[in-house]
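Participant: sequence plus predicted model, see below.
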Amino acid sequence: METRKPVTTSRMKKMKKDGTPITMITAYDYPSAKLAEEAGIDAILVGDSLGNVVLGYESTLPVTLDDMIYHTRAVTRAVQVPFVVTDMPFMTYHGSLDETMKNVARIMQEGMGKAVKMEGGEEIAATVEACVKAGVPVMGHLGLTPQSLYQIGGYKVQGKTSRQAAKLLQDAKALEQAGAFAIVLELVTEELTELITKELSIPTIGIGSGASCDGQVLVFHDVLQYGSPIIPKKFVKAYANIGDQIRSGISQYVQEVKERKYPDSSHAFQGADDVLTFLYGGKE
Ligand SMILES: Nc1nc(=O)c2c([nH]1)NC[C@@H]1CN(c3ccc(C(=O)N[C@@H](CCC(=O)O)C(=O)O)cc3)CN21
Ligand SMILES: CC(C)C(=O)C(=O)O
Ligand SMILES: [Mg+2]
């Protein structure tokens with residue numbers, strides 16, 4: 001049985017202070033979340049990357065609030081210890097504040113969510129602040145923000161020019177000021193990541209942003225090579241290849257059924273005498 005205490009936002013802030021790396025992985029359903037918990041993960045992201053790796057879309061944009069609620073419920077049912085964060089999907093936090101708060105409330109109530117993540121900097125600071133005031137922990141997300149894929153023009157490294165870098169640092173500070181408990185830095189250069197991480201009192205969680213972050217996050221399907229359609233090559237490290245194992249397991253099953261090797265009598269239930277008696281008569 002799991003005996004670790006549930007991870008909280010204040011615990012993650014303490015981990016930054018103590019220099020203890022924060023580990024995060026995405027998960028989208030009950031078994032994957034459970035296995036991540038058993039493996040000792042600190043935090044789980046129900047990422048809108050599920051649009052890519054679970055639903056087969058080419059971007060995260062088609063993912064709906066209902067999708068996120070459905071997957072968040074499965075994940076939060078599975079785990080007690082890791083802190084669970086849910087991505088707010090594309091354009092669900094850019095309308096009126098009223099509309100945004102209703103959407104956030106749906107994640108927390110219908111999805112049984114614990115916290116939300118939003119992409120963007122200064123321009124969403126007021127929204128972040130309103131959520132935090134309402135009691136919802138918010139994680140920021142800067143650098144490559146996949147929901148702006150068609151504006152950025154590709155999954156590209158961010159913060160390379162001094163102007164971009166200054167803006168990123170300013171955005172990070174605005175999110176901290178607004179009450180975000182942590183910030184994901186995606187595809188940010190090593191130098192800028194180190195600077196932002198030093199300047200903030202809240203943890204930075206990196207993906208493709210080097211080793212100086214206070215924590216790391218990767219997509220489940222990339223870490224385990226589980227049939228991900230896009231695998232970012234440079235920064236991902238694969239720790240297992242469950243795609244190969246799944247394919248091979250299913251192909252053996254297919255072969256054995258075709259060859260009538262499976263099932264054998266040990267997989268079947270005996271008791272034909274009673275059935276035959278029932279079907280073909282005997283005593284009433
Ligand atoms: N499977 C998967 N993994 C992810 O990390 C991920 C998703 N899907 N979907 C949503 C976003 C998109 N992300 C991506 C996708 C592609 C690259 C990529 O191809 N990066 C290049 C480097 C680009 C450059 O040099 O500018 C690479 O080779 O890693 C990076 C992040 C991160 N997220
Ligand atoms: C890549 C991570 C940070 C994310 O936002 C997602 O999985 O959706
Ligand atoms: Mg995301």
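Facilitator: Structure's in. What do you need? Ligands and ions are numbered 1, 2, ... in the order given.

Participant: name the residues of the stretch 51-200 of the chain found near ligand 2, please.
Facilitator: Counting by Cβ under 6 Å from any ligand atom, the stretch 51-200 of the chain comes close to ligand 2 at 87, 141, 184, 186. For glycine as for every other residue, the C-beta is placed from the backbone atoms N, C-alpha and C.

Participant: show the pLDDT at the first one.
Facilitator: The confidence metric pLDDT takes the value 99 at residue 87.

Participant: now do it against residue 147, distance only.
Facilitator: Residue 87 sits 9 Å away from residue 147, going by Cβ to Cβ, to the nearest Å.

Participant: and these two? Which one has more around it.
Facilitator: Using other Cβ atoms under 10 Å, the more surrounded residue of residue 87 and residue 147 is residue 87, with 29 against 23.

Participant: nearest residue to that one other than its sequence neighbours?
Facilitator: Spatially, and ignoring its direct neighbours in sequence, residue 87 is nearest to residue 48 (4.1 Å; Cβ to Cβ, 6 or more residues apart in numbering).

Participant: for residue 192, same thing?
Facilitator: Nearest to residue 192 is residue 159, by Cβ to Cβ, 6+ apart, at 4.3 Å.

Participant: burial count for the residue in the stretch 1-150 of the chain positioned nearest to ligand 2?
Facilitator: Of all residues in the stretch 1-150 of the chain, the one sitting closest to ligand 2 is residue 47 (2.2 Å; Cβ to the nearest ligand atom). Here the count is done by other Cβ under 10 Å, and residue 47 has 30 residues near it.

Participant: and what of residue 152?
Facilitator: 13.

Participant: could you do residue 73 as well?
Facilitator: Number of residues near residue 73 (other Cβ under 10 Å) recorded here: 17.

Participant: and for residue 112?
Facilitator: Around residue 112 there are 16 residues (other Cβ under 10 Å).

Participant: for ligand 2, see how far away the residue in the stretch 51-200 of the chain positioned nearest to ligand 1 is.
Facilitator: Closest contact between the stretch 51-200 of the chain and ligand 1, by Cβ to the nearest ligand atom, is at residue 155 (3.4 Å). Distance, residue 155 to ligand 2, using Cβ to the nearest ligand atom, to the nearest Å: 10 Å.

Participant: any idea how far residue 124 is from that residue?
Facilitator: On the measure of Cβ to Cβ, residue 155 and residue 124 end up 21 Å apart.

Participant: of the two, who's got more company?
Facilitator: Just comparing residue 155 and residue 124: by other Cβ under 10 Å the higher neighbour count belongs to residue 124, 24 against 14.

Participant: thought residue 93 was touching that one, still the case?
Facilitator: Yes. Counting by Cβ atoms under 8 Å, residue 93 is a contact partner of residue 124 at 6.7 Å.

Participant: shared neighbours, those two?
Facilitator: Counting by Cβ atoms under 8 Å, 6 or more residues apart in numbering, the common neighbours of residue 124 and residue 93 are residue 118.

Participant: tell me the phi and psi of residue 224?
Facilitator: phi -110, psi 0 (degrees, to the nearest 10).

Participant: for it, what are its contacts?
Facilitator: 238, 239, 240, 241, 242, 243.

Participant: so for it, what's the pLDDT?
Facilitator: 97.

Participant: cool, and residue 194?
Facilitator: Reported pLDDT for residue 194: 98.

Participant: any idea how far it is from ligand 2?
Facilitator: Residue 194 is 19 Å from ligand 2, by Cβ to the nearest ligand atom.
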